[in-house]
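Chemist: the sequence isn't on hand, but the structure is:
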């Protein structure tokens, strides 16, 4: 059986990163000028890596599918970014951030990676402030913090409800600076379709110019993919419409392991689905849970009335409300981690307590905090979110409706869980290198830091940690001996071969000439995945899901219709390529979920729960990273390789947010 | 030179020349008002601003300001039309915030230039120019009061002057605050102040011109006082 | 709440194949039974689904995050960039409940020399990237900075910088401007960095470089019509433009 080498450095966990940096190989300044690096993606991870590598002297080729690097979906992150600065003097430390992240990830993350993440978190804040990121500040001029789910300290830095935007614009500005310096060559509206392997090493990519439709070849000494997660497999998610898994899938098909695909995060505070024409789900920042209280009615008849539309949320008096998170988890209350909050909402709705016409929604109520702090304070904190909610639903959560027994009742928001983030991804070692030498994966697209569940405000931290402070070091360990080789020409036969295969794949899709649009098939895939591979999974359900996906694959292969021409800009063709990969991805999620006979974090197997309905982990049998190896064909089941987890610094225990 | 080859530089030229012209207009309006009270005083001013070297120099400067302002207006407009591209929107819905004057400064400017040409023909040609070339008219070149009377006796001129002054009002209400904005002296607070100042200033200046024109058109004989006697116009008020 | 459903309305949308297409024209489609909770882009998804069913090519437009932050969506709807809403919103945040029975909804691309059309209503906005590349940053290397709290910044300045930094680079300001001017976009970035001590260091250089690039790329001269701030989905104001003017003039006078 293949052995996995995660290349974790020696020494105690707190010293591993320092040890690594002290002993790794570096590239001398002159040789850096001879080395090219391809970075695919311009989100937090991609842009920060491209900028940092270019600053060091490497020649960077940076690709994105949008019209500008600034559009990457990192921009939509609202809440904030964690760092162990302890500016609030509430007992935070690198160790505590590390501990919270590992615990939040339900003890399925790689310890050494997480410690490094916590260690570099402080530098990220320093870096961003130097770039002119306008973080929120106190009157005294120091940086402000807020608290976030899964932590008992305030360590989240934020810029209004647009933290992701500001951090991305910071990275984008650093990138722009390097483009101006001529060190980064930017390719916008380009999509990577395959990776080129020469002598077992990643040596370049084939990318489609989305405007002309032509395939183009790019060679480099290393390829870094930073292409985000696979949440759009579910069709409806909080991801942007363009988010896709095609780049990651092409690496997977070339032999890179795909790790833990079943760990999919369902975000508890999204605006509920309203109809079958819906194209995406909108997230309301988790920070709302700081001051909002989540509830459903205590009485089933109230829930029925709400579902029928004969009663409104504000009409239900305080004593008839079930603040189920506060009831079940007194210590963390409304601030339990996302997976716990999402499952609790599903549990209530499954029992019939859902509060909208579909029965798939719970309330998030600000009445109490508005009364305590005043509407001005609440609007200052969440004004833009309130506006956004009203824009979408026509209901203003800041509007007082009635006063009963001295208590003011405001319009509650309706929320429901939705696919948001994928903890799984391309397997990488400690150096963020995939199982293909020379191919690196950073940001959401890799699997390493969040285990089975990601805490709020950690995604931005990880993306920037990878891009600014980790990859630029570790990639040198690989590149150190590469400068002696001459630049690889894109005329090499390997390039021609991959380009030909890619063209054939496109022709195959164009030639199906069936009846169904890409979106109609994608919606169906989404339904299957949400139903059988979603929040509550069972063996039967997963098996059925795999069967249904197989049938859908046939439908796709025989009945797809792509209008327009192969050449030129063809949005339907591009979507079809994405969907081709989503179908394979959906099945991969199901395989992993089926093999993982336990519940942990974002993966919940209904067979494995405690009597109270909490996730039941099985550390004896499943304390490993599940790595999936492609077997040469999308229709052949991949094989599982296990990377055992070793914890030195943290004692593995049952996650407890109750007391 | 940044005043020619940068967009902000070109706008600075527009705003400096424009604001200088506003100051000139203000002075001119104040001067005109004198005519309501004393013909003698007014004619003295006319004499003072006759063909003396300093008046000529100032006139040349003024002419330069006007020419630069107009020249740049056309350059900016041509550049802006090119920047707009060759395709036009099929449908446009002007936001309420956007004032009519701000989008029609060139058209207003053209009306003002035409009015100016008429004005120069009516007055400058007969006064300063006549003095320079020594032309002989029934009314002397420094008898400004008489020239006003003569001009506004013609109702066609009165109507044209009123149109001209209206265009000037619109041009100034946008021009003054816009000039300050371009020079960078504006912001969340000063923007509203300048808007207010523009309205008031433009209204006062144009009103002064308008009162003189209308007064001479309606009641030319009761103006200008006579030999230091009480001014009938004041009595009327 | 009885949900509003639009029984019938007409969408008139722009078809254009490349920047030099001489045959660019409007096409029309009648839409039926669209719920008011449908977003504008979802309505266009439905339209495209119908076109594909008819075997036709879909109507092409840019869109991505669909929550009003990425700045990708860029439709000129009924004479206003992003369509008319009470407060700032992008195309993707426009809902069909804002429209009426029997409306004819005209959809056009951003029309400006700075933004050539790629296809239909998808335009090329790389000019904005080039302007940022000219100087829209602080020149700081990864890993070098001091502690984030070492320089104190008054809350008011940080808040104002944040407002300026909210610009999403969608280009609505250029689309609305009769002069095709990019001043609101440029000034928002210049303002953000000019307000912060970290950005002050190269404020003069930045203002000059960004304005020079903007001019080079053929954007027009600002004539303070305020059309830009009226349509900005992030409510950027011309106070930013005044600040840019100030920074630029100061920089030039100091040369």
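Modeler: Yes, it's here. If you're wondering where the values come from, they're calculated on a predicted model, not measured in any experiment.
Chemist: where does pLDDT dip in the chain?
Modeler: Just going to use chain A. Low-confidence regions of chain A, defined by pLDDT under 70, span residues A:1-2, A:659.
Chemist: try again with chain C
Modeler: Within chain C, the stretches with pLDDT under 70 are C:1-2.
Chemist: find the closest residue to chain A in it.
Modeler: When distances are taken as CB to the nearest CB, chain C reaches nearest to chain A at residue C:152, 2.9 Å away. Backbone N, C-alpha and C define where each C-beta goes, glycine included.
Chemist: wouldn't residue C:112 be in contact with residue C:174 here?
Modeler: Yes. Look at residue C:112 against residue C:174 with CB atoms under 8 Å: they come within range, at 5.0 Å.
Chemist: these two - which one has more neighbours?
Modeler: For residue C:112 versus residue C:174, the count of surrounding residues by other CB atoms under 10 Å in any protein chain shown is larger for residue C:174: 30 against 26.
Chemist: on that earlier part again, what sits in contact with each of residue C:112 and residue C:174?
Modeler: Residues touching both residue C:112 and residue C:174 by CB atoms under 8 Å, 6 or more residues apart in numbering or on different chains: C:180, C:219.
Chemist: one step back: now do the same contact list for the residue of chain C closest to chain A.
Modeler: A:140, A:141, A:142.
Chemist: break the chain into its domains for me.
Modeler: Just so you know, I chose chain A. Following the assignment in automatic domain parsing, chain A carries domains at A:268-418, A:491-644.
Chemist: please refer instead to chain C.
Modeler: For chain C, the structural domains run C:5-108, C:126-139+C:152-254, going by automatic domain parsing.
Chemist: reformat those as TSV; add distance to residue A:612.
Modeler: Formatted as TSV, the entries for the domains of chain C read as follows, by distance: least, CB to CB, whole Å:
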stretch	distance to residue A:612
domain C:5-108	35
domain C:126-139+C:152-254	43
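Chemist: to residue B:77, which of these lies closest?
Modeler: Minimum separation from residue B:77 across the domains of chain C (CB to CB) falls at domain C:126-139+C:152-254, 8.7 Å.
Chemist: that closest one spans what distance, first to last residue?
Modeler: Distance across domain C:126-139+C:152-254, first residue to last, is 31 Å (CA to CA, to the nearest Å).
Chemist: spatially central residue in the chain, please.
Modeler: If you meant another chain, say so; for now it's chain A. Residue closest to the mean C-alpha point of chain A, counted by CA atoms, centre = their mean, is residue A:421 at 3.2 Å.
Chemist: you looked at the wrong chain, it should be chain C
Modeler: residue C:170 (2.2 Å).
Chemist: who's in contact with it?
Modeler: Applying CB under 8 Å, 6+ apart, one finds that residue C:170 lies in contact with C:71, C:72, C:73, C:74, C:81, C:82, C:90, C:233.
Chemist: and the second one, how far from chain B?
Modeler: Translated: residue C:72. Relative to chain B, residue C:72 is positioned 21 Å away (CB to the nearest CB, to the nearest Å).
Chemist: residue contacts, the closest residue to that residue other than its chain neighbours?
Modeler: With sequence-adjacent residues excluded and distances taken as CB to CB, 6 or more residues apart in numbering or on different chains, residue C:72 is closest to residue C:64, at 4.0 Å. The contact partners of residue C:64, by CB under 8 Å, 6+ apart, come to A:66, A:71, A:73, A:240, A:241, A:242, C:70, C:72, C:73.
Chemist: now neighbour count too, for those, in TSV please.
Modeler: Shown next, in TSV, are the contacts of residue C:64 (neighbours: other CB atoms under 10 Å in any protein chain shown):
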residue	neighbour count
A:66	22
A:71	29
A:73	27
A:240	26
A:241	20
A:242	23
C:70	30
C:72	28
C:73	26
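Chemist: residue A:241 versus residue A:68, what's the distance?
Modeler: Noted for residue A:68: a distance of 16 Å to residue A:241, by CB to CB, to the nearest Å.
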